[in-house]
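In: Fold the stuff below for me.
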Amino acid sequence: MNLEFNRNEDVMKQQISKMEKRLEQIHLGGGQKRIDKEHAKGKMTARERVAALIDPGTDTIEIGAFAGYEMYEEQGGCPAGGVVVVIGYVSKKQCIIVANDATVKAGAWFPITGKKNLRAQEIAMENRLPIIYLVDSAGVFLPMQDEIFPDKEHFGRIFRNNAKMSSMGIPQISAVMGSCVAGGAYLPIMSDEALIVNETGTIFLAGSYLVKAAIGENIDNETLGGATTHCEISGVTDYKAENDADALKTIRDLVDKIGSFDKAGFNREEPKAPKENEKELLGILPELRTKEYDMRDLISRLVDDSKFTEYKKEYGKTIITAYARIDGWAVGIVANQRKIVKSAKGEMQFGGVIYSDSADKAARFVMNCNQKKIPLVFLHDVTGFMVGSRSEHGGIIKDGAKMVNAVSNSTVPKFSIVVGNSYGAGNYAMCGKAYDPRLIAAWPTANIAVMGGAQAAKVLLQIQKSTLKAQGEQITPEDEKALLEKITQRYNDQTSPYYAAARLWVDAIINPLDTRKWISMGIEAADHCEVEKFNAGVIQT
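Out: Below you'll find the predicted structure:
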């Protein structure tokens with residue numbers, strides 16, 4: 001390997017190390033003192049419960065570990081959004097598990113908590129995955145109730161989804177392993193089956209203090225809504241567990257009896273490792289993100305046996321479209337090519353930019369994959385669509401709309417991996433979050449924004465200068481330089497993968513070496529339900 005590869009690899013490893021250190025801190029939730037406090041009550045933490053529930057030695061992927069990262073700092077923070085969401089195997093069945101983290105504000109719901117729970121339910125509904133709720137929550141975080149309670153995508157949508165999943169036949173199992181208060185009490189009871197842990201689990205619309213204030217009744221929480229009350233008197237819960245471990249064992253027994261849904265029937269053969277060294281993924285992306293590289297080098301280290309068949313290889317060269325296999329699953333890959341290439345007319349085309357011919361090719365390829373029932377994988381490193389008179393006169397808007405239309409109406413499962421840039425309308429065309437990828441993950445090298453930091457900062461600087469000028473203020477060259485640096489830093493902070501992951505624009509930031517696992521487990525999840533018929537709508541030719 002050359003020196004540049006080694007330098008790229010060192011930078012990537014440093015970024016992965018930074019990511020892993022941040023995850024270590026996030027995994028502590030509310031901190032060691034609060035973890036010790038849960039243990040003193042005889043309770044496991046959310047992460048301990050999830051680890052005990054899943055089949056030993058099997059793969060898992062975590063959704064939204066960085067949710068809430070560096071948000072709500074005035075309220076003390078909200079690590080992982082106060083809830084752990086994992087796709088894993090329980091009694092050999094792929095499930096999605098949602099566990100409230102009681103070490104974070106007693107499991108209270110922040111706005112990002114609601115968004116993350118809705119994302120978990122969305123994954124379950126799209127893929128017909130059984131969903132398991134491990135409930136331990138104090139309910140809505142009252143100081144921010146206006147941002148979590150009343151709107152369409154707020155707290156109440158959770159219960160609407162409970163009802164929708166029930167009508168779809170998607171199994172929902174809840175275990176009340178701690179507090180379950182007020183509106184949150186509906187979640188476990190709207191599930192198909194509910195367990196409650198003796199002496200630590202409670203369910204009520206109003207706790208003993210509020211009952212005393214409201215109607216003057218003196219009663220303790222256990223008598224009001226504990227395990228004995230709900231298993232023997234009210235009939236609200238179906239199973240009483242003696243402790244957390246007993247509850248998790250019961251859940252495993254229940255999942256073990258769930259039957260299978262009709263499969264989508266995605267093509268899969270015996271998985272093969274890439275022939276090229278997969279670990280070399282860490283050294284392919286240049287340290288300087290404006291430098292070119294060949295996306296084929298990356299693809300050959302992701303796909304089985306390093307084999308892929310390119311569709312229209314010599315046409316629309318700034319997008320690579322190819323058929324391949326990942327962990328045995330047949331996939332269609334749409335990837336931005338970052339090398340400078342020549343068009344059929346001999347014109348130089350910038351890498352990472354979508355031209356008319358590339359958009360046209362990608363749209364056709366997406367439609368072909370839908371016709372053949374092949375899941376799609378999008379590898380983002382895109383700066384946007386080509387601009388200028390030549391592109392406008394050539395119909396770039398029409399061809400871009402054609403690609404966006406095909407991606408929007410695609411019914412086969414789509415998976416997006418943001419390896420580098422994902423800017424502007426390029427993010428949309430490459431199946432960004434707004435276009436319903438089943439899973440979307442970012443490498444630590446990802447940047448997501450309407451445009452690159454340097455360009456955006458210059459635009460914002462001109463606006464700021466015009467504003468100051470209109471107010472009669474003069475700006476010196478030194479002030480202008482300082483202002484540009486400040487704007488650039490702020491904008492770059494907002495383009496980082498951590499900013500995106502904190503707000504669930506992506507499901508996770510992942511080690512590049514976990515990319516195959518994410519795509520494979522995602523397709524396995526998607527294989528649980530039939531694919532709707534593809535209808536492209538009106539696409540101009």
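
In: Distance of residue 120 relative to residue 83?
Out: Residue 120 sits 8 Å away from residue 83, going by Cβ to Cβ, to the nearest Å. Where you see a C-beta, it was placed from the backbone N, CA and C, and this is true even at glycine.

In: Who has more neighbours out of those two?
Out: Between residue 120 and residue 83, counting by other Cβ atoms under 10 Å, residue 83 is the more crowded of the two (29 against 24).

In: ok, now which ones touch that one?
Out: Neighbouring residues of residue 83 by Cβ atoms under 8 Å, 6 or more residues apart in numbering: 46, 98-101, 107, 113, 116-117.

In: can you do 6 Å?
Out: For residue 83, the contact set (Cβ atoms under 6 Å, 6 or more residues apart in numbering) comprises 100, 113, 116.

In: for it, phi and psi?
Out: phi -150, psi 140 (degrees, to the nearest 10).

In: Next step: the contacts of residue 83 restricted to helices.
Out: 113, 116 (DSSP state H).

In: Out of the contacts of residue 83, which comes closest to residue 63?
Out: Here the nearest of these to residue 63, counting by Cβ to Cβ, is residue 116; it sits at 7.5 Å.

In: Show the model's pLDDT score for that closest one.
Out: Here the pLDDT value assigned to residue 116 is 97.

In: Ok, residue 352 next?
Out: Residue 352 is assigned 89 on the pLDDT scale.

In: got a list of what it touches?
Out: Counting by Cβ under 6 Å, 6+ apart, residue 352 has contacts 336, 338, 381-383.

In: Which member of these is positioned nearest residue 412?
Out: When the contacts of residue 352 are compared against residue 412 (criterion: Cβ to Cβ), the nearest one is residue 336, at 20.1 Å.

In: That closest one bridge partners, please.
Out: Note on residue 336: beta-bridge partners residue 319, judged by DSSP bridges.

In: from what I can see it touches residue 383, true?
Out: No: assessed by Cβ atoms under 6 Å, residue 336 is found out of contact with residue 383, at 8.5 Å.

In: neighbour-wise, which of those two wins?
Out: Shown here are residue 336 and residue 383; by other Cβ under 10 Å, residue 336 has more neighbours (27 against 24).

In: what sits against the more buried one?
Out: 352, 381-382.

In: and with 7 Å instead?
Out: Going by Cβ atoms under 7 Å, 6 or more residues apart in numbering, residue 336 touches 295, 318-319, 352, 379-382, 430.

In: from those, which ones fall inside strands?
Out: Using DSSP state E, the members of these that fall in strands are 319, 379-382.

In: Redo those as CSV? Include pLDDT, neighbour count and distance to residue 390.
Out: Shown next, in CSV, are these (pLDDT from 0 to 100; neighbours: other Cβ atoms under 10 Å; distance: Cβ to Cβ, whole Å):
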residue, pLDDT, neighbour count, distance to residue 390
319, 97, 27, 18
379, 98, 24, 27
380, 98, 28, 25
381, 96, 28, 23
382, 95, 30, 19
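
In: Tell me the one of those nearest residue 500?
Out: Nearest to residue 500 among those, with distances taken as Cβ to Cβ, is residue 380, at 11.7 Å.

In: ok so, going back, can I get the contacts of residue 352 in CSV with distance to residue 94?
Out: Converted to CSV, the contacts of residue 352 look like this (distance: Cβ to Cβ, whole Å):
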residue, distance to residue 94
336, 30
338, 34
381, 30
382, 31
383, 36
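
In: and which of those is nearest to residue 250?
Out: For the contacts of residue 352, with residue 250 as the reference and Cβ to Cβ as the criterion, the closest is residue 381, at 46.8 Å.

In: Distance to residue 241 added to the ones in strands among the contacts of residue 336, as TSV?
Out: Shown next, in TSV, are the ones in strands among the contacts of residue 336 (distance: Cβ to Cβ, whole Å):
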residue	distance to residue 241
319	53
379	45
380	45
381	49
382	50
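
In: between those residues, which is closest to residue 277?
Out: Nearest member of these to residue 277, counting by Cβ to Cβ, is residue 379, at 18.5 Å.

In: what sits opposite that closest one in the beta ladder?
Out: Here residue 379 sits in beta bridges with residue 335, residue 417, going by DSSP bridges.

In: Check which helix or strand residue 469 maps to.
Out: Using DSSP states H and E, residue 469 falls within helix 453-470.

In: helices and strands around the helix or strand that that helix is followed by, which ones?
Out: The helix or strand immediately downstream of helix 453-470 is helix 477-495, counting by DSSP H and E. The elements that helix 477-495 packs onto, with contact taken as 3 or more Cβ pairs under 7 Å, 6 or more residues apart in numbering; DSSP states H and E, are strand 447-449, helix 453-470.

In: redo that, cut-off 10 Å
Out: strand 414-423, strand 447-449, helix 453-470, helix 497-502 (3 or more Cβ pairs under 10 Å, 6 or more residues apart in numbering; DSSP states H and E).

In: Throw the ones you listed into JSON lines and include mean pLDDT and mean neighbour count, thanks.
Out: Shown next, in JSON lines, are the helices and strands packed on helix 477-495 (pLDDT from 0 to 100; neighbours: other Cβ atoms under 10 Å):
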{"stretch": "strand 414-423", "mean pLDDT": "97", "mean neighbour count": "26"}
{"stretch": "strand 447-449", "mean pLDDT": "91", "mean neighbour count": "22"}
{"stretch": "helix 453-470", "mean pLDDT": "72", "mean neighbour count": "14"}
{"stretch": "helix 497-502", "mean pLDDT": "97", "mean neighbour count": "22"}
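
In: re earlier: would you mind listing which of the contacts of residue 83 are buried?
Out: 100, 113, 116 (16 or more other Cβ atoms under 10 Å).

In: for the stretch 201-350 of the chain, what spans make up the helices?
Out: According to DSSP state H, counting those that start in this stretch, the stretch 201-350 of the chain carries its helices in the segments 208-215, 221-225, 227-228, 244-256, 295-299.
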